[in-house]
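1. need a 3D model of the following:
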Amino acid sequence: MKTNDQIREQIRADYASIATTNNDSCCCAGACGVTESIDATDLAEQIGYTREELEALPGDANMGLSCGNPTVIAALKEGETILDLGSGGGFDVFLAGPKVGQSGQAIGVDMTHEMIAKARKNILHYQRATGLDNVEFRLGEIEHLPVADHSVDVIISNCVLNLSMDKQQVWNEISRVLKPGGRVAVSDIALLKPLPEAVKELVESWAGCVAGAILVEEMREQMNKAGLTEIKLTPKANYVHTLVSANDPLYQKIEELFPTGESVADVITSVDIVANKPSGCCQ
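-> Next up is the predicted model:
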């Protein structure tokens, strides 16, 4: 069994490979949503993005790494500062930027140099398409955010928190950087039941956002411990059903390891996560 540090470096290497490889290559299969069985645009539409949104993005910002649409559940407003944890090539940051406008700011944080380079390269396309100069990308880990205390109105993230080796620390950091009254709007992978141990041992199931997923109620406990309130966790089966129906190679491997009669969708789900930091809270 690999150590946490080894798993983290494997995840970093896998996502670096995704950032530097064309989307139509099968070498990146195994990361969240990345599969040769379904087009990245088709997957994005099936989990809540519109064709209009996708066509406005830089051509390589959508790498099929989403499991939901946090910019929708965030209900972003003009002038807000949003922070995207694990921003990749800038997909959700570039969608959030026009929603917060020139008086707002959209910041992405990612631990992978190659993803940050890709996102920064896409800024020029975004500026030309929108006329806005309100996005930036910072290299950093979501357990140690390069962001000031109480400086962010909204935290978003898309299929990334499950990759962390210390999820409680991530929620603590989320609480630290949120302004009092700030909010969380995250899409992620969670579990309805415990995973078979054999699934956790699949190397590709870590980068594939499965092996690191935790039970929905465990997530709720971590959020409570970080001081967040008005927590709402909404399981959504469409992401997993889409990948299973597309004969995604990772999900095919996983299903073979499940007990007879139990399906992947009985255990693994995407989940919309919303919560608030109490007004007057100064954690």
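2. phi and psi next, for Cys209.
-> Backbone torsions of Cys209, given as degrees, to the nearest 10, read phi 70, psi 30.
3. restrict stretch 247-257 to CA atoms and write it as PDB.
-> What follows is stretch 247-257, C-alpha atoms only, in PDB (Å, rounded to 0.1, in the frame of the first residue of the first chain):
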ATOM      1  CA  ASN A 247     -18.400   2.000 -20.300                       C
ATOM      2  CA  ASP A 248     -15.700   4.100 -18.600                       C
ATOM      3  CA  PRO A 249     -12.700   1.700 -18.100                       C
ATOM      4  CA  LEU A 250     -12.100   2.700 -14.500                       C
ATOM      5  CA  TYR A 251     -15.700   2.200 -13.500                       C
ATOM      6  CA  GLN A 252     -15.800  -1.100 -15.300                       C
ATOM      7  CA  LYS A 253     -12.800  -2.200 -13.200                       C
ATOM      8  CA  ILE A 254     -14.400  -0.900 -10.000                       C
ATOM      9  CA  GLU A 255     -17.700  -2.700 -10.700                       C
ATOM     10  CA  GLU A 256     -15.900  -6.000 -11.100                       C
ATOM     11  CA  LEU A 257     -14.700  -5.600  -7.500                       C
END
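4. the helices in the stretch 51-200 of the chain, which residues?
-> Applying DSSP state H, counting those that start in this stretch to the stretch 51-200 of the chain gives helices spanning 51-56, 70-73, 91-100, 113-130, 167-177, 197-200.
5. quick one: which of these is nearest Ile7?
-> helix 197-200 (10.2 Å; C-beta to C-beta). All C-beta spots, glycine's among them, are computed from the backbone N, C-alpha and C.
6. keeping just the C-alphas, turn the closest one into CSV.
-> C-alpha atoms of helix 197-200 as CSV (Å, rounded to 0.1, in the frame of the first residue of the first chain):
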residue,chain,number,x,y,z
GLU,A,197,-10.8,-2.3,0.1
ALA,A,198,-9.9,-3.8,-3.3
VAL,A,199,-11.1,-0.6,-5.0
LYS,A,200,-8.9,1.6,-2.8
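7. what sits up against it?
-> Ser205, Val210, Ala211, Ile254, Leu257, Phe258 (C-beta atoms under 8 Å, 6 or more residues apart in numbering).
8. please enumerate the strands of this structure.
-> Applying DSSP state E to the chain gives strands spanning 81-85, 105-110, 135-139, 152-158, 178-191, 229-236, 268-276.
9. for the closest residue in space to Arg183 that isn't next to it in sequence, give me its contacts.
-> Nearest residue to Arg183 in three dimensions, chain neighbours excluded: Asn276, at 5.0 Å (C-beta to C-beta, 6 or more residues apart in numbering). Neighbour list for Asn276: Gly181, Gly182, Arg183, Val184, Leu228, Thr229, Glu230 [criterion: C-beta under 8 Å, 6+ apart].
10. beta partners of Asn276?
-> Note on Asn276: beta-bridge partners Arg183, Thr229, judged by DSSP bridges.
11. nothing else from me, thank you.
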